[in-house]
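A predicted structure for the sequence below; I have some questions about it.
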Amino acid sequence: MARVLRVARSSSLFSFGSRSYSAEASHASSPSPPPTFLRGGGARRDVTKERNVQWVFLGCPGVGKGTYASRLSSLLGVPHIATGDLVREELASSGPLSQQLKEIVNQGKLVSDEIIVNLLSKRLEAGEAKGESGFILDGFPRTMRQAEILGDVTDIDLVVNLKLPEEVLVDKCLGRRTCDQCGKGFNIAHINLKGENGKPGISMDPLLPPPQCMSKLITRADDTEEVVKARLRIYNETSQPLEEYYRSKGKLMEFDLPGGIPESWPRLLEALRLDDYEEKQSAAA
């Protein structure tokens, strides 16, 4: 890990565009309560410009970490680094870790800290060499040990914890499809969870592929009901101390997804206090 130490432990202030924030996730500063979909706080504005954001996205498998992290990556101009993608790239490479990873993934187990840290280390070092600034991590850390390692090598500004009911998560994972030709991801699940016991319902339309991709859809080998439920169980067992770790540092923002992308994206931007930033970016385009 020594080489990763060069990936910038720097000021606790970060920025993008003309806007700057402090590293601490704060509760709403105004007298009015935060929206019901937000349990926690957004990034707090500051006046000093230092560096780009260094954020982490947490959440159960299938919650949509990659979708929202990727959108924010494009909006803010920082790299989106998904450890799941790093694992799949290593699997496809037929490298020395390929067979070991294949057995772990197909059994629905979590990849070891040593393997993940090694893959992430190489990715951060490659990004540094290309002049990348800031990042949005997706899928890392997943354990307390990983969080402590990450805290030793770089400063994390904000941890966004996405939430969905388990029933929805299972349906979403089982509905995931990838086009074998273009590589784009889709979802054939139509989710309509009725509200009960005071909890709101959740409706999500399927994200269907265009006609040219329809016959080329493939399912991930680990997206079976048995494996999905095993992944969710393992994640829930390890996530509680991790969430508390970041909550105690004032960096955790918990966000209940109210539905699909059309409903959730604008509310997530509002929670992160980026809603007017997207409007300005659109106007300038």
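Looks like it came in fine. Numbers count the residues shown, from 1 in each chain.

make it CA atoms for all contacts and neighbour counts henceforth
Noted.

burial measure for G201, as a count.
12 (other C-alpha atoms under 10 Å).

you'd agree it is up against V168?
No: if you go by C-alpha atoms under 8 Å, G201 and V168 don't touch, sitting 10.6 Å apart.

any residues in contact with both of these two?
In terms of C-alpha atoms under 8 Å, 6 or more residues apart in numbering, G201 and V168 are both contacted by the residues L193.

how about the strands in the stretch 151-285 of the chain?
158-163, 176-179, 185-187, 191-193, 202-204, 217-218, 252-256 (DSSP state E, counting those that start in this stretch).

export the ones you listed to a markdown table and tack on distance to G139, mean pLDDT and mean neighbour count?
Output for these, formatted as a markdown table (distance: least, C-alpha to C-alpha, whole Å; pLDDT from 0 to 100; neighbours: other C-alpha atoms under 10 Å):
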| stretch | distance to G139 | mean pLDDT | mean neighbour count |
| --- | --- | --- | --- |
| strand 158-163 | 11 | 96 | 23 |
| strand 176-179 | 17 | 94 | 20 |
| strand 185-187 | 17 | 91 | 18 |
| strand 191-193 | 24 | 90 | 16 |
| strand 202-204 | 23 | 90 | 17 |
| strand 217-218 | 22 | 96 | 17 |
| strand 252-256 | 15 | 95 | 24 |
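
shouldn't P209 be in contact with F186?
Yes: contact criterion C-alpha under 8 Å: P209 and F186 qualify, at 6.1 Å.

got the CA coordinates for stretch 51-66 in PDB?
Listed next in PDB are the C-alpha coordinates belonging to stretch 51-66 (Å, rounded to 0.1, in the frame of the first residue of the first chain):
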ATOM      1  CA  ARG A  51      -9.500  20.000  -4.400                       C
ATOM      2  CA  ASN A  52     -12.200  17.900  -6.000                       C
ATOM      3  CA  VAL A  53     -14.600  15.700  -4.100                       C
ATOM      4  CA  GLN A  54     -13.600  12.400  -2.600                       C
ATOM      5  CA  TRP A  55     -16.800  10.600  -1.900                       C
ATOM      6  CA  VAL A  56     -17.900   7.000  -1.000                       C
ATOM      7  CA  PHE A  57     -21.200   5.400  -2.000                       C
ATOM      8  CA  LEU A  58     -22.500   2.700   0.300                       C
ATOM      9  CA  GLY A  59     -25.600   0.500   0.000                       C
ATOM     10  CA  CYS A  60     -26.700  -3.100  -0.500                       C
ATOM     11  CA  PRO A  61     -26.000  -4.900  -3.800                       C
ATOM     12  CA  GLY A  62     -28.500  -3.800  -6.400                       C
ATOM     13  CA  VAL A  63     -29.400  -0.500  -4.600                       C
ATOM     14  CA  GLY A  64     -28.100   1.600  -7.500                       C
ATOM     15  CA  LYS A  65     -24.700   2.800  -6.200                       C
ATOM     16  CA  GLY A  66     -23.200   2.500  -9.700                       C
END
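
what's in contact with it?
By C-alpha under 8 Å, 6+ apart, stretch 51-66 touches 11, 13-16, 69, 78, 82, 133-142, 155-164, 169-170, 172-173, 228, 231-232, 235-236.

can you get me a residue count around Y235?
18.

for it, what are its contacts?
Neighbours of Y235 in contact, by C-alpha under 8 Å, 6+ apart: C60, P61, R142.

chain center to the longest helix that the chain contains, what's the gap?
For the chain, the helix with the greatest residue count under DSSP state H is helix 225-248. Relative to its parent chain, helix 225-248 has a centroid offset of 14 Å by C-alpha atoms, centre = their mean, to the nearest Å.

check which residues of that helix are buried.
By 16 or more other C-alpha atoms under 10 Å, the buried positions in helix 225-248 come out as V227, V228, K229, R231, L232, Y235, S239, L242, E243, Y245, Y246, R247.

excluding sequence neighbours, find me the nearest residue to the third one.
Looking back up the chat, that one is K229. V170 (7.0 Å; C-alpha to C-alpha, 6 or more residues apart in numbering).
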